[in-house]
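**Student:** Give the three-dimensional model of this entry:
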Amino acid sequence: MRRCEWCGNDPLYQAYHDAEWGVPEYDSRALWEKLVLDGFQAGLSWITILRKRDRFRAAFEGFEPRRIATWGEADVLRLLADPGIVRHRGKIEAAIGNARVWCEIEAEIGFDRFLWDYFDGHPRQNAFADATAVPAETDTSRRISADLKRRGFRFCGPTITYAFLQASGFVNDHVTSCFRHAEIAAMVR
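**Tutor:** As a prediction, the model looks like this:
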C-alpha cells in the first residue's frame with residue numbers, strides 16, 4: 001500500500017497518516033485542539049508534537065477551551081515546568097489567549113462553522129501527483145489566518161493554518177497515489 005511520503009517509516013507517523021490526517025473534522029473543540037497543536041509545532045517537526053500529544057492533552061486538561069480560557073500566570077508556570085510538552089512561554093500564553101477567542105467565536109457562530117464557511121461546508125478535493133506540488137499556504141489559509149489574527153489568535157500564520165486545514169480535512173492533500181486519497185474523498189460524497 002502506498003502512502004504519502006512525509007510519514008516515512010515511523011509507525012506512529014504512519015498510524016496518524018492512516019487514521020487521522022485529512023479526515024474531515026466538524027467538532028469545534030477538536031478543531032481548536034488541532035489548531036493549538038499546530039501552533040506549538042512552529043519551528044519543530046510534527047512528529048515531535050505527535051509524540052508529545054498525549055502529554056499535551058493531560059497538561060491542557062483535554063483541551064477544553066472554556067476551562068483554559070480561565071487560566072492565568074500560575075497555569076503558565078505549571079506548563080513551563082512540564083518536560084512532557086513544548087515549554088515555550090509565547091506558545092503557552094497564545095494557547096490560553098486563543099481559548100478566550102475560541103469562546104467568543106463559538107458563542108457568535110460556532111468555531112466549526114466559522115472555519116467550514118470558508119469552504120461552503122465541503123472539503124476541497126485536491127489531486128496532487130506528488131508532494132512537491134502541495135503548497136505550504138494558499139489564499140484561503142492566508143484569509144483564515146488574517147481573520148483569526150484580527151480576532152486575537154496567535155501562532156496561526158498562513159503556513160500553520162494550511163497545515164491545520166490539511167490535518168483537519170478541510171482539504172484533501174493526500175497525493176493521488178496514496179491509498180488514503182480516495183478513501184478521504186469518499187468520506188465527503
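**Student:** List the buried residues in the helix of greatest length in the chain.
**Tutor:** In the chain, taking DSSP state H as the definition, the longest helix is helix 89-108. Burial within helix 89-108, assessed by neighbour count using 16 or more other CB atoms under 10 Å, is assigned to 91-103, 105-106. Bear in mind the C-beta positions are built from the backbone N, C-alpha and C, glycine included.
**Student:** Please enumerate residues in contact with it?
**Tutor:** By CB atoms under 8 Å, 6 or more residues apart in numbering, the residues outside helix 89-108 that reach it are 28, 32, 35-36, 39-40, 42, 60, 65-66, 68-69, 71, 75-76, 79-80, 111, 114, 148, 151-156.
**Student:** Can you show me the CA trace of it as PDB?
**Tutor:** What follows is helix 89-108, C-alpha atoms only, in PDB (Å, rounded to 0.1, in the frame of the first residue of the first chain):
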ATOM      1  CA  ARG A  89       6.100  30.800  27.100                       C
ATOM      2  CA  GLY A  90       4.800  32.500  24.000                       C
ATOM      3  CA  LYS A  91       3.100  29.400  22.700                       C
ATOM      4  CA  ILE A  92       1.600  28.600  26.100                       C
ATOM      5  CA  GLU A  93       0.200  32.100  26.500                       C
ATOM      6  CA  ALA A  94      -1.100  32.100  23.000                       C
ATOM      7  CA  ALA A  95      -3.000  28.800  23.600                       C
ATOM      8  CA  ILE A  96      -4.600  30.400  26.700                       C
ATOM      9  CA  GLY A  97      -5.500  33.600  24.800                       C
ATOM     10  CA  ASN A  98      -6.700  31.600  21.800                       C
ATOM     11  CA  ALA A  99      -9.000  29.700  24.100                       C
ATOM     12  CA  ARG A 100     -10.600  33.000  25.000                       C
ATOM     13  CA  VAL A 101     -11.000  34.000  21.400                       C
ATOM     14  CA  TRP A 102     -12.400  30.500  20.600                       C
ATOM     15  CA  CYS A 103     -15.100  31.100  23.300                       C
ATOM     16  CA  GLU A 104     -16.100  34.400  21.500                       C
ATOM     17  CA  ILE A 105     -16.300  32.700  18.100                       C
ATOM     18  CA  GLU A 106     -18.100  29.700  19.500                       C
ATOM     19  CA  ALA A 107     -20.700  31.900  21.100                       C
ATOM     20  CA  GLU A 108     -21.100  34.100  18.000                       C
END
